[in-house]
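J.: Sequence and computational prediction follow.
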Amino acid sequence: MTYGNGVAALRPTTLSFIGGEFVVLLGPSGAGKSTLLRCLNGLVTPTAGRIVSAEHGDISQKSSLRAHRRRTGMVFQQHHLIGRQSVLANVLMGRLGYRSSLMSLLPWAMGDKYLALRALDRVGLLDRALHRADQLSGGQQQRVGVARALVQEPTLLLADEPVASLDPATAERLLSLLRDVCKSDGLTAVISLHQVEFAKQFADRIVGLHGGRVVFDGVPSALTPTEVQQIYESVPTMVDEAPDTPDTSPVPAAATLSNEFSTA
């Protein structure tokens, strides 16, 4: 994956994600974690290669991409909530992929509201449903983001540094919640983190990225201090931590990315 300035953010990479697996991406800033996640949910298109979903096939096809995005929940580092709206209204935004342009002009159906309230109950915020989102703490706002992702009824859950702005105790509770929900629902999860200790605690599998390349792929018990050093040794500055809005400038076809995952 090469951005418009010619810098390769993700080099030729082949990864498969197994259904129900809780995968943690580790690596320093600029290693390619965010770019990989953005490729997986179709926010950016690889300059070469393809992203293949077991449910929807090659997501480079427009119809497949829409279906894939509808069933792919995303939790962001910055919560991306509308502060002046209620918590419930923010969670309901996760149902937009199921509404046509005409339906978007109509009030939310009771079924959608039920799903949103159930999602809030699962993250422990049912009693805050009618509060303004900007009245919540950082940890509570991130849980709203999780509920918004869950209301999509996803088969794949992606999270980009979801605990970066949280204190350690709150971060641990949020990751525990994410893992419990994913295991309960059989979701495939791909979560990027910086904290090695959290990766070892929660992951089924750890993928270590360094300079846009996969340098480790294995179970947490196989992540030795030597492997950690290999992941986090000095890397050149890259463009991985770009804004959430994808770069729309022309990009050269320089790197191959072939990521296949199964939700079966």
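T.: Cool, the structure landed.
J.: contacting residues around the residue nearest to the spatial centre of the chain?
T.: For the chain, the residue whose C-alpha lies nearest the mean C-alpha position (Cα atoms, centre = their mean) is L158; its distance is 2.1 Å. Residues in contact with L158 (Cβ atoms under 8 Å, 6 or more residues apart in numbering) are 37, 40-41, 72-75, 189-191. C-beta here means a position set from N, CA and C on the backbone, and glycine is covered the same way.
J.: what's the answer for Q85, then?
T.: 132-133.
J.: now swap in V181 and tell me
T.: Neighbours of V181 in contact, by Cβ under 8 Å, 6+ apart: 122, 146, 150, 187.
J.: where's it relative to V196, distance?
T.: V181 sits 23 Å away from V196, going by Cβ to Cβ, to the nearest Å.
J.: And whichever strand or helix holds G139, what does it pack against?
T.: Assessed by DSSP states H and E, G139 sits inside helix 138-150. Judged by 3 or more Cβ pairs under 8 Å, 6 or more residues apart in numbering; DSSP states H and E, helix 138-150 is in contact with strand 72-75, helix 87-92, helix 110-122, helix 168-185.
J.: Alpha carbons only: can I get the next helix or strand after the longest one in CSV?
T.: Which is helix 168-185. Following helix 168-185 in sequence order, the next helix or strand is strand 188-193 (DSSP H and E). Output of strand 188-193 as CSV, limited to C-alpha atoms (Å, rounded to 0.1, in the frame of the first residue of the first chain):
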residue,chain,number,x,y,z
THR,A,188,-13.4,-12.1,14.1
ALA,A,189,-11.6,-9.2,15.7
VAL,A,190,-8.5,-7.3,14.6
ILE,A,191,-7.3,-4.8,17.2
SER,A,192,-4.2,-2.5,17.0
LEU,A,193,-2.4,-1.8,20.2
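J.: Renumber starting at 41 from here on
T.: Understood, numbering begins at 41; the last thing we discussed is strand 228-233.
J.: now the angle from strand 228-233 to helix 208-225?
T.: 170 degrees (axes from the mean of the first three to the mean of the last three Cα atoms, to 10 degrees).
J.: got a list of contacts for strand 228-233?
T.: Strand 228-233 has contacts (Cβ under 8 Å, 6+ apart) with 57-67, 73-74, 76-77, 80, 195-203, 215, 218-219, 222, 239, 243, 301-303.
J.: ok so, going back, could you save the contacts of V221 as CSV and add columns showing distance to S100 and pLDDT?
T.: Shown next, in CSV, are the contacts of V221 (distance: Cβ to Cβ, whole Å; pLDDT from 0 to 100):
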residue, distance to S100, pLDDT
R162, 33, 95
V186, 29, 96
L190, 27, 96
L227, 23, 94
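J.: Sweet, I'm off.
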